[in-house]
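Peer 1: return a 3D structure for these sequence lines:
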Amino acid sequence: MKVIAQRLYKYISDQVPEFQSDEDAINQLREGLTKIGSNPILLILDDVWSGSEFRLKKFMFDIPNYNILVTSRTALPGFSYTYYLNPLNDDYATMLLHHSASLQHESSNIPVEAINKVLCQSFINIRMKSCGGFPLALEVIGRLLNENPVEAWCSIAENWSNSHYIFNSNSDLLDCLRKSLEISDHDVIFKECFMDLGSFPQGQWIPVAALIDMWVELHKLDEVGNDAIYKLHKITTRNLANLVRKRKDAGKINKYYNEDYVTQHDLLRELAIFESCQGPERQRQRLIMDISGNTLPSWCTEQDQ
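Peer 2: Numbers count the residues shown, from 1 in each chain. Reported below is the predicted structural model:
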């Protein structure tokens, strides 16, 4: 708290006081904000993780024209308004990719025609398949392409198009998305339930009732389904999947999920599949394979399988 208060105080004054404790830091920050006067104040707290709600309340000062904006990967209770951000559309996704790859300036050494050609023929298709307007993925891709010649763009695009998982060639994106799983309080079953979502076809609406039945059986959860609903709630509040409620009054009906569905962003489904495919094939809990025609992996047709 003292570090956060020091960073914020630099916007108020050139002289940052020494805080004796967390409580002292918050008190002096409140006093500093009060001295600003009648100007409106917007405090932005970015990338707040689940479990930090008690810290957020310390910043709720009773100051005129003072508002707080919080961004988070998870849904945080206790705020007046909550906005769920959808994936970017094609135009904004292309703009972000340009910006992240530093292509918005005329100083770029790659001809505009070449950029558009690569975007249209290579990365647009890959983005729609693997990134799907996901800002984090687009920023990582842009940084990867930054200051590279157009030949490198074509090479990377070819590698990704031949690879089933974008994570095979991009550890930065994998590490970043894995952090969303790390906030599960070491709940092993939670991660197993998340990886189960990768077993469903891409773009499918997954019935919640089917998930509950599956998780009760696979992970030995209580037969009533309360544990399974709790796992689903953790997954959706961490924005690892979306809960689609078909009935407007569903929230008023206790345990009514027969008409509800779960959807998942393609990139997060890829993460679930990638996590499921770690380790030797014969020791995995889930077996996910790409099968073309009647061609099976050689180990799959051995007699001892």
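Peer 1: tally of neighbours for the residue nearest to residue 46 when sequence neighbours are not counted?
Peer 2: Leaving out its chain neighbours, the residue that sits closest to residue 46 by CB to CB, 6 or more residues apart in numbering is residue 71, at 5.1 Å. Where C-beta positions appear, they are placed from N, C-alpha and C, glycine not excepted. Burial measure for residue 71: 12 neighbouring residues, criterion other CB atoms under 10 Å.
Peer 1: ok, and the closest non-adjacent residue to residue 198?
Peer 2: residue 272 (3.3 Å).
Peer 1: against residue 7, how distant is the residue lying closest to residue 48 once chain neighbours are set aside?
Peer 2: Nearest non-adjacent residue to residue 48, counting by CB to CB, 6+ apart: residue 72, 4.6 Å away. Distance of residue 72 to residue 7, given as CB to CB, to the nearest Å: 18 Å.
Peer 1: now swap in residue 93 and tell me
Peer 2: 31 Å.
Peer 1: phi and psi next, for the residue nearest to residue 198.
Peer 2: phi -60, psi -40 (degrees, to the nearest 10).
Peer 1: same question for residue 244.
Peer 2: According to degrees, to the nearest 10, residue 244 has phi -110, psi 110.
Peer 1: list the buried residues in stretch 22-40.
Peer 2: 25, 26, 28, 29, 30, 32, 33 (16 or more other CB atoms under 10 Å).
Peer 1: as a markdown table, those residues with secondary structure, pLDDT and distance to residue 225 would be great.
Peer 2: Formatted as a markdown table, the buried residues of stretch 22-40 follow (DSSP: H, G, I helix; E, B strand; the rest coil; pLDDT from 0 to 100; distance: CB to CB, whole Å):
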| residue | secondary structure | pLDDT | distance to residue 225 |
| --- | --- | --- | --- |
| 25 | helix | 92 | 45 |
| 26 | helix | 92 | 42 |
| 28 | helix | 91 | 49 |
| 29 | helix | 91 | 45 |
| 30 | helix | 91 | 46 |
| 32 | helix | 89 | 50 |
| 33 | helix | 89 | 47 |
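Peer 1: and the strands in the stretch 151-300 of the chain?
Peer 2: Remark: strands assigned in the stretch 151-300 of the chain by DSSP state E, counting those that start in this stretch are 206-207, 242-245, 260-263.
Peer 1: let's have those strands in JSON lines, adding mean pLDDT, mean neighbour count and distance to residue 193.
Peer 2: Listed next are the strands of the stretch 151-300 of the chain as JSON lines, based on pLDDT from 0 to 100; neighbours: other CB atoms under 10 Å; distance: least, CB to CB, whole Å:
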{"stretch": "strand 206-207", "mean pLDDT": "92", "mean neighbour count": "18", "distance to residue 193": "12"}
{"stretch": "strand 242-245", "mean pLDDT": "84", "mean neighbour count": "14", "distance to residue 193": "14"}
{"stretch": "strand 260-263", "mean pLDDT": "90", "mean neighbour count": "18", "distance to residue 193": "11"}
